[in-house]
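Peer 1: Here is a sequence with its predicted model. Questions after.
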Number of protein chains: 2
Amino acid sequence: MFSKACEYGIRASIFIAKNSYEGKRVSPKKISEEINSPQAFTAKILQILVKHDIINSVKGAYGGFEIDKKRIATIKLSQIVEAIDGDNIYKGCGLGLKKCNDKHPCPVHDKFISIREGLKTMLENTNLEELALDIKTGVSFLKI
Amino acid sequence: MFSKACEYGIRASIFIAKNSYEGKRVSPKKISEEINSPQAFTAKILQILVKHDIINSVKGAYGGFEIDKKRIATIKLSQIVEAIDGDNIYKGCGLGLKKCNDKHPCPVHDKFISIREGLKTMLENTNLEELALDIKTGVSFLKI
DNA sequence: TTTATTTAAGATAAATTTATCCGAAATAAA
DNA sequence: TTTATTTCGGATAAATTTATCTTAAATAAA
């Protein structure tokens, strides 16, 4: 479904959001430990998220990654997915045709529409706040 | 969603099914031309499908690939996907956790269930016959 | 049996994704 | 200003996926 990079990116964003609520900045080292991901690779993905203005980085001593508390509830999963994996998951053809639309559909075009829409709607209606809250209350988990 | 190999595999299977209805065997060359895929790579995928008893191969002169007419309506997309990409698309965690279930869910576990189920149901309820028929009647396309 | 044709199989290569490493740049605190 | 800390950026490497090539094996027809 998503690339490894995107999976790490989502998990990292949730972890950063959770810590930002607690007023804490976190390092790539801490993040990769808590979401069980390769540290250097995760750091690269964090850079992508910073460039897309999804998370914020503070260099130097006592620095780290954070998200402005007020923005956490406004960040949708769809933004993270698009930043890392692009929009192919929404727009790409299920069977890989370059040109696939209602006028020139692949054999599963119609059947994929509802699934694609379901995924799109879910990603656009899920924000970091609710996900971070579930981590905080121990309802869901970011590793193992 | 699916790997390139799986996309080619599905498109190839539909093309073979269509030709089998017309009593024609087809070569990897013809298949790759008609579904617009790399020939040698497509041939590899055809071998996987043969091993999984989804399509049939006939060696030697006048040989090629075919599917027994009576079986075309019984072959589900899910069989092709599982043969090539495995069951990760059904069973794997949306965020890549090794252990993700109702007792120990990832943050999007619940939200993914319906999407996953929708995909599973669609793949299990779509057979090669209907897809091949749409190609035959020019309703859908296998390339470009 | 011989020949032409066709799929099977294994080795290899290219491209992409995933992952690591190291020095530069920035920054807060001493 | 100096120092310790931390992210940033580029180069490199490993792993996986995608793709190609060549030879072997099988088979139908002459």
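Peer 2: Right, received. Where do you want to start?

Peer 1: how close does the nearest residue to A:Ile75 once chain neighbours are set aside sit to A:Ile135?
Peer 2: Leaving aside its chain neighbours, A:Ile75 sits nearest to A:Leu128 (4.6 Å; criterion: CB to CB, 6 or more residues apart in numbering or on different chains). Placement of C-beta: from N, CA and C, glycine included. Shown here: A:Leu128 relative to A:Ile135, a distance of 10 Å by CB to CB, to the nearest Å.

Peer 1: now do A:Tyr62
Peer 2: 24 Å.

Peer 1: of those two, who's got more company?
Peer 2: A:Ile135 (20 against 6; other CB atoms under 10 Å in any protein chain shown).

Peer 1: Show me which residues of chain A sit near chain B.
Peer 2: By CB under 8 Å from any CB of the partner chain, the part of chain A that sits against chain B consists of A:1-2, A:4, A:7-8, A:10-11, A:14, A:77, A:89, A:92, A:94-99, A:104-109, A:111-112, A:114-115, A:118-119, A:122, A:126, A:131, A:134-135, A:139-144.

Peer 1: Select from the residues you listed every entry located in helices.
Peer 2: A:4, A:7-8, A:10-11, A:14, A:77, A:89, A:109, A:111-112, A:114-115, A:118-119, A:122, A:131, A:134-135 (DSSP state H).

Peer 1: From these, list just the buried residues.
Peer 2: Those of those that meet the buried threshold are A:7-8, A:10-11, A:14, A:77, A:89, A:109, A:111-112, A:115, A:119, A:122, A:131, A:134-135, by 16 or more other CB atoms under 10 Å in any protein chain shown.

Peer 1: Now tell me which of those the prediction trusts least.
Peer 2: pLDDT across these is lowest for A:Ile89, at 92.

Peer 1: List the contacts of that one.
Peer 2: A:1-2, A:81, A:116, A:119, B:1 (CB atoms under 8 Å, 6 or more residues apart in numbering or on different chains).

Peer 1: Kindly provide the distance from it to A:Leu123.
Peer 2: In terms of CB to CB, A:Ile89 sits 9 Å off from A:Leu123.

Peer 1: cool, A:Ile135 as well?
Peer 2: Counting by CB to CB, the gap from A:Ile135 to A:Leu123 is 18 Å.

Peer 1: again, but for A:Val58
Peer 2: 28 Å.

Peer 1: where along chain A do the strands fall?
Peer 2: With DSSP state E as the criterion, chain A has strands at A:56-58, A:64-66.

Peer 1: Out of those, which is the most enclosed?
Peer 2: Sort the strands of chain A by mean neighbour count, taking mean count of other CB atoms under 10 Å in any protein chain shown, and strand A:64-66 sits at the top with a mean of 20.

Peer 1: Can you give me every residue that contacts the residue lying closest to A:Phe112 once chain neighbours are set aside?
Peer 2: With sequence-adjacent residues excluded and distances taken as CB to CB, 6+ apart, A:Phe112 is closest to A:Gly94, at 4.2 Å. Residues near A:Gly94 by CB under 8 Å, 6+ apart: A:100, A:106, A:108-109, A:112, A:116, B:1-2, B:7.

Peer 1: Give me the pLDDT value at A:Gly94.
Peer 2: Looking at A:Gly94, the pLDDT reads 97.

Peer 1: circling back: which of the residues of chain A next to chain B are close to DNA strand C?
Peer 2: With CB under 7 Å from any atom of the strand as the criterion, the residues of chain A next to chain B include A:4, A:8 near DNA strand C.
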